[in-house]
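Engineer: Predicted model and sequence below, questions to follow.
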Amino acid sequence: MLSLLLLYKTSKKIGGSIFSYLTLLIAVLSPWHITMSRLALEAASLSSFFVILTIYLWIKAKESDFYILNLIYLGLSVGLATNAYQSTKLIFFLIAIVIFIDIVKSSSNWLKKSSVFILFITLGALPQLYAVIAMPQFFFSRAADTMMLFSFSFEYLFILLRNFYLNLSPQYLFSEIGSYNFLTVARLLTVELPFFYLGLVLFYWKFKENKSINPIYIYLFIMVSILPSALTYNNPNALRASCNVILFPMISAVGILAIYDIITNKLLKNLLLGVTIFLLFLNSIINIVKYIKIRELAGAGQQNVLVELSKKINLQKDKYLRIYIEDLGNQPYIYITSYCDITPKQFQDANKKIEKIGWDHFVQLDKYFFLNKEAILDSINRNKEKSLFILKFKNYKYDLIDSIELYDEKLFFYSNTFIVPSIRK
């Protein structure tokens, strides 16, 4: 909600009332924005929030010839943003360089002002700076797993440019709802398509005389917001490029405004706005109805089966000394922690076994074990404690005590206290 307020105020400074209202409307109806907001995931919500906050504070600072107090706010915004998500470390490092250059070029007493700017970036980014100095092996571990290996070659350049295109392609941005991509089931409204690409071309020409901010900087913000996705595998990537959730509505609004300004007849101008707004609402309502009614869409990427699994385990957990869960989904221990009443202190104090191969893989969290089927059955045979174990496939050697069926996934609950004769088929 704060992002939307800042987007409206920033857009008004850039392009006036009609532009700001159109930008706000498109952002409010954006399926990319709606799904990211629904998740309340800091990686998505904070990334886009800090982008629009930084642009807003940058404009405020420029208007005051980079007044010291405004620079403090701006520096803190850029610094704090590095803590929001993996991608924002790179995004806001590059943004800091761009703003520093602007301060040097545009302000009086630039040395003092740029020093204040850098100091407060440093204060905001202290947790990251501490981590990179004290624990570089952990700080860079995610990047080592996800980033493409750099090389001075045409092949690398081609892949990088292709990845940029994929994050801006019509198929990715405007395909019908249901095209799942990294926590989203749609990105932009299909109705936006012609306006978006028109706006992408015309944004600079529309606002090149604007005194608040050079439109080239908005293009730079879009490019650096895509860069973490383009430099890594799995492109396009709605999460790594999620800063554009808050920037793309400005681009689509420029496309609408460009056509609006060409029309000279007032009635036709109002007709264009009325029809466009109606179609945006209609498109959004259709998407939302689909999203609500189709369970697979609402649950896409959310690992709801782990939620249901953990809730059922919570009802049974006090009966067993050991609970085994066949390898399932991504980081199932988080769901067990959340739904089986494990407090933060209990989690910190718990006996843990973690395999540090690539991303950390929990093997044990106190009495909960996360293993493959063979390891579970072997442990059941060796350990005689009363145990509950959950498998993806039926095992007729043990009596089935419960099960889960959600979407296309099935899970079966067994206890080692209910062994039946091996001749059972």
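Structural biologist: Looks like it came in fine. Fair warning: this is a prediction, and the values are worked out from it, not measured in the lab.

Engineer: Now for the protein, the helix or strand with the poorest mean pLDDT.
Structural biologist: Taking mean pLDDT, DSSP states H and E as the measure, helix 141-146 is the helix or strand of the chain with the lowest mean score, a mean of 71.

Engineer: What is the subsequent helix or strand relative to it?
Structural biologist: Scanning forward in sequence from helix 141-146 by DSSP states H and E, the next helix or strand is helix 154-168.

Engineer: Need the residues that contact the helix or strand just after that next one.
Structural biologist: Beyond helix 154-168 in the direction of the C-terminus, DSSP H and E gives the next helix or strand as helix 170-174. For helix 170-174, contacts defined as Cβ atoms under 8 Å, 6 or more residues apart in numbering pick out 166, 179, 181, 187-190, 192-193, 196-197, 236, 248. Placement of C-beta: from N, CA and C, glycine included.

Engineer: Just the buried ones among these, please.
Structural biologist: Buried residues within the contacts of helix 170-174, counting neighbours by 16 or more other Cβ atoms under 10 Å: 166, 181, 187, 188, 189, 190, 192, 196, 197, 236, 248.

Engineer: and of the residues you listed, the nearest to residue 108?
Structural biologist: residue 248 (35.2 Å; Cβ to Cβ).

Engineer: Which residues are in contact with the closest one?
Structural biologist: Residue 248 sits next to 30, 32, 173, 188, 196, 222 when contact means Cβ under 8 Å, 6+ apart.

Engineer: now swap in residue 254 and tell me
Structural biologist: Counting by Cβ under 8 Å, 6+ apart, residue 254 has contacts 15, 19, 195, 198, 199, 202, 203, 206, 207.

Engineer: quick one: which of the residues you listed is nearest to residue 392?
Structural biologist: Among the contacts of residue 254, and counting by Cβ to Cβ, the member closest to residue 392 is residue 195, at 46.2 Å.

Engineer: Just confirm the closest one contacts residue 250, I think it does.
Structural biologist: No: here residue 195 does not reach residue 250: they are 11.3 Å apart, not a contact under Cβ atoms under 8 Å.

Engineer: and these two? which has more neighbours close in?
Structural biologist: Using other Cβ atoms under 10 Å as the criterion, residue 195 and residue 250 rank with residue 250 on top: 28 against 24.

Engineer: Look up how far residue 126 lies from that one.
Structural biologist: 32 Å (Cβ to Cβ, to the nearest Å).

Engineer: quick one, strands of the stretch 201-350 of the chain?
Structural biologist: 322-326 (DSSP state E, counting those that start in this stretch).

Engineer: Just the C-alphas of stretch 219-231, formatted as PDB.
Structural biologist: Output in PDB follows, covering the C-alpha atoms of stretch 219-231 (Å, rounded to 0.1, in the frame of the first residue of the first chain):
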ATOM      1  CA  TYR A 219      15.100   3.100 -18.100                       C
ATOM      2  CA  LEU A 220      18.200   2.400 -16.000                       C
ATOM      3  CA  PHE A 221      16.100   1.400 -13.000                       C
ATOM      4  CA  ILE A 222      14.200  -1.100 -15.300                       C
ATOM      5  CA  MET A 223      17.400  -2.500 -16.700                       C
ATOM      6  CA  VAL A 224      19.200  -3.000 -13.400                       C
ATOM      7  CA  SER A 225      16.000  -4.500 -12.000                       C
ATOM      8  CA  ILE A 226      16.100  -7.200 -14.700                       C
ATOM      9  CA  LEU A 227      19.900  -7.700 -14.400                       C
ATOM     10  CA  PRO A 228      19.800 -10.200 -11.500                       C
ATOM     11  CA  SER A 229      17.500 -12.400 -13.400                       C
ATOM     12  CA  ALA A 230      19.400 -12.000 -16.700                       C
ATOM     13  CA  LEU A 231      22.700 -12.900 -15.000                       C
END
